[in-house]
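Participant: 3D model of this:
(chains A and B)
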Amino acid sequence: MIQLAAMGFAAVVLAPCPAGAQALRPYAIVGDAIPEPLTAPGDATRGRALVVERTSTCILCHNGPFPEQKFQGDLAPSLAGAGSRWSEGQLRLRLVDGSRLNGATIMPSYYRVDGLTRVGPAWRGKPILSAEQIEDIVAYLVTLRE
Amino acid sequence: MLSVLLTADAVGAEIPPPERRSGYSFMTPDTKAMQDDDTTNPGMLWVLDGEKLWARKAGGADKACADCHHDARTSMKGVAARYPAFDKALGRPVDLEQRINLCRANQQQATPFPYESRDLLALTALVAQQSRGTAIETGSDPQLAPFIAKGRELFMQRQGQLNLGCANCHDDNWDKRLAGSAITQAHPTGYPLYRLEWQSLGSLQRRLRACITGIRAQAYDFGAPELVELELYLMSRAKGMAMEAPAVRP
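Facilitator: Numbering: from 1, shown residues only, chains lettered A, B, ... in the order given. Model (predicted):
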């Protein structure tokens, strides 16, 4: 676990997700978006907390308007203004499975369990984030207008 | 879906030789200074232990390393810069730790040291230190070619819940930062090395297992052929770079 933290990766194994491999919620892609929420509407405050939480992995790669966070990545575009560049549905697909938009992206697919290789036992069959967490983060990202 | 997966495997550009940089060059002046001065480099404590072990008789044969290899400072010069090397009896490459344990089992008739044990790290550090400043030569033996190719494949392959390959970070994004850490080019020039985060010396395999767990993939066991193949690929990828063991890293 210390090694994980050392690498800059989340040190805590995600709590078992209520949604198991069999139980990913179905969703419909329309164009470059998932217009309908995966669950009940998310909560932006919880979403912000999730984005800066290391176990969510976002700010390992991204930076953004999180002045209290000393360590942020620069492998990816800043999240500042994401809500003015993309619609809620576009942000949702980006989080659920960004590889559908850019097959070569390094951004992980946060709500996908298939097509992966050698997933470690602690994470096998589970999406990185739950449907509820995705909705919370989407609710937060749409508020990032500048 | 299949086409998406195939494009996701597209391989980035490898680093051209003039742009290759040791992990050392990404460190703060303080950490560099700690590595540069043998009186502050904590890795030297393991080297000192290694010198004692080198001379100590062990096993059914009651022989010390020194009984066969004499003074490590001359007999072990440049050796670590050629490892992993092809072992004829086993028909596959072995890394330095495995070579030391083969001597221990076959020549000394003693039980092999566990991976990451103080004794194995100490002897490895002593041997590796004798190659300080030596250019890496690993991979010149043509028998190694298929194993290097396998290591390269492992380096390029996406894996784990985060679906990342080593190359995504270490070939394509080594000038960037992953949260607080500089992403280096992953050159194995300094191992075994003292990592401040570990507060200990650790092997290259320990580092590789940390990166593999970091992408939430299943780490290979210590000594697994896959880890040796990765070590071999990394060493051949760093050919010509200077050895700096025992190094210090954040």
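
Participant: Now do the contacts for the most centrally placed residue in chain B.
Facilitator: Closest residue to the average C-alpha location of chain B: B:Leu204 at 3.4 Å, with CA atoms, centre = their mean. Shown in contact with B:Leu204 (CB atoms under 8 Å, 6 or more residues apart in numbering or on different chains): B:95, B:188, B:191-192, B:231, B:234. Where C-beta positions appear, they are placed from N, C-alpha and C, glycine not excepted.

Participant: again, 6 Å this time
Facilitator: B:188, B:191, B:231 (CB atoms under 6 Å, 6 or more residues apart in numbering or on different chains).

Participant: what's the closest of the residues you listed to chain A?
Facilitator: B:Tyr191 (14.8 Å; CB to the nearest CB).

Participant: burial measure for that closest one, as a count.
Facilitator: Number of residues near B:Tyr191 (other CB atoms under 10 Å in any protein chain shown) recorded here: 29.

Participant: how far away is the nearest residue to A:Ser87 once chain neighbours are set aside from A:Tyr27?
Facilitator: In space, and not counting its chain neighbours, A:Ser87 is closest to A:Ala33: 6.3 Å by CB to CB, 6 or more residues apart in numbering or on different chains. From A:Ala33 over to A:Tyr27 the distance is 10 Å, taken as CB to CB, to the nearest Å.

Participant: cool, and B:Glu153?
Facilitator: 34 Å.

Participant: So those two - more neighbours on which side?
Facilitator: For B:Glu153 versus A:Tyr27, the count of surrounding residues by other CB under 10 Å is larger for A:Tyr27: 17 against 14.

Participant: now the more buried one, nearest residue through space, not along the chain?
Facilitator: What sits nearest to A:Tyr27 in space, not counting adjacent residues and going by CB to CB, 6+ apart, is A:Ile34, at 5.1 Å.

Participant: Can you tell me which residues in chain B are near chain A?
Facilitator: By the rule CB under 6 Å from any CB of the partner chain, the part of chain B lying against chain A is B:4-5, B:7-8, B:10, B:159-163, B:168, B:173, B:176-181, B:197, B:210, B:213-214, B:216-218.

Participant: what about 7 Å?
Facilitator: B:4-5, B:7-8, B:10, B:157-164, B:168, B:173, B:176-181, B:197, B:210-211, B:213-214, B:216-218 (CB under 7 Å from any CB of the partner chain).

Participant: Buried among these? Make that a PyMOL selection.
Facilitator: Selection of buried members from the residues of chain B next to chain A for PyMOL, criterion 16 or more other CB atoms under 10 Å in any protein chain shown:
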select buried, chain B and resi 5+8+157+158+159+160+161+162+163+164+168+173+177+178+179+181+210+211+213+214+216+217+218
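
Participant: Can you flag which of the residues of chain B next to chain A belong to strands?
Facilitator: Assigned to strands by DSSP state E, the following of the residues of chain B next to chain A qualify: B:177-178, B:181.

Participant: I'd like the residues you listed as TSV, with pLDDT appended.
Facilitator: Output for those, formatted as TSV (pLDDT from 0 to 100):
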residue	pLDDT
B:Arg177	96
B:Leu178	97
B:Ser181	95
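
Participant: Just the helices from the chain, written as ranges.
Facilitator: Chain wasn't specified; assuming chain A. Secondary structure of chain A (DSSP state H): helices at A:2-7, A:44-52, A:58-61, A:82-85, A:88-97, A:131-141.

Participant: my bad, the chain I had in mind was chain B
Facilitator: B:2-8, B:29-36, B:43-55, B:65-69, B:72-75, B:96-106, B:118-129, B:145-156, B:166-170, B:204-214, B:225-237.

Participant: what sits against the residue nearest to the residue nearest to the centre of chain B when sequence neighbours are not counted?
Facilitator: Residue nearest to B:Leu204 in three dimensions, not counting chain neighbours: B:Tyr191, with 4.0 Å by CB to CB, 6+ apart. Shown in contact with B:Tyr191 (CB atoms under 7 Å, 6 or more residues apart in numbering or on different chains): B:128, B:203-204, B:245.

Participant: Looking at the helices of chain B, spot the one closest to A:Val142.
Facilitator: Closest of the helices of chain B to A:Val142 is helix B:2-8, at 26.1 Å (criterion: CB to CB).

Participant: Give me the residue ranges of chain A where confidence is low.
Facilitator: Within chain A, the segments meeting pLDDT under 70 span A:1-22.

Participant: burial of B:His170, as a residue count?
Facilitator: By other CB under 10 Å, 20 other residues sit near B:His170.

Participant: I am assuming it contacts B:Gln185, so please confirm or correct that.
Facilitator: Yes. Under the criterion of CB atoms under 7 Å, B:His170 makes contact with B:Gln185 at 5.7 Å.

Participant: any residues touching stretch B:31-41, and which ones?
Facilitator: B:24, B:44, B:246-248, B:250.

Participant: and with 6 Å instead?
Facilitator: B:44, B:247-248, B:250.

Participant: May I see the ChimeraX selection of the buried members of those?
Facilitator: Selection of the buried residues among the contacts of stretch B:31-41 in ChimeraX, burial being defined by 16+ other CB under 10 Å:
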select /B:44,247,248
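
Participant: Show me which of the contacts of stretch B:31-41 is closest to chain A.
Facilitator: Set against chain A, the nearest of those by CB to the nearest CB is B:Pro250 (8.2 Å).

Participant: For the closest one, give me its contacts.
Facilitator: B:31, B:196.

Participant: change it to 8 Å
Facilitator: B:27-28, B:31, B:181, B:195-197.

Participant: measure it to B:Ala128 for me?
Facilitator: 20 Å.
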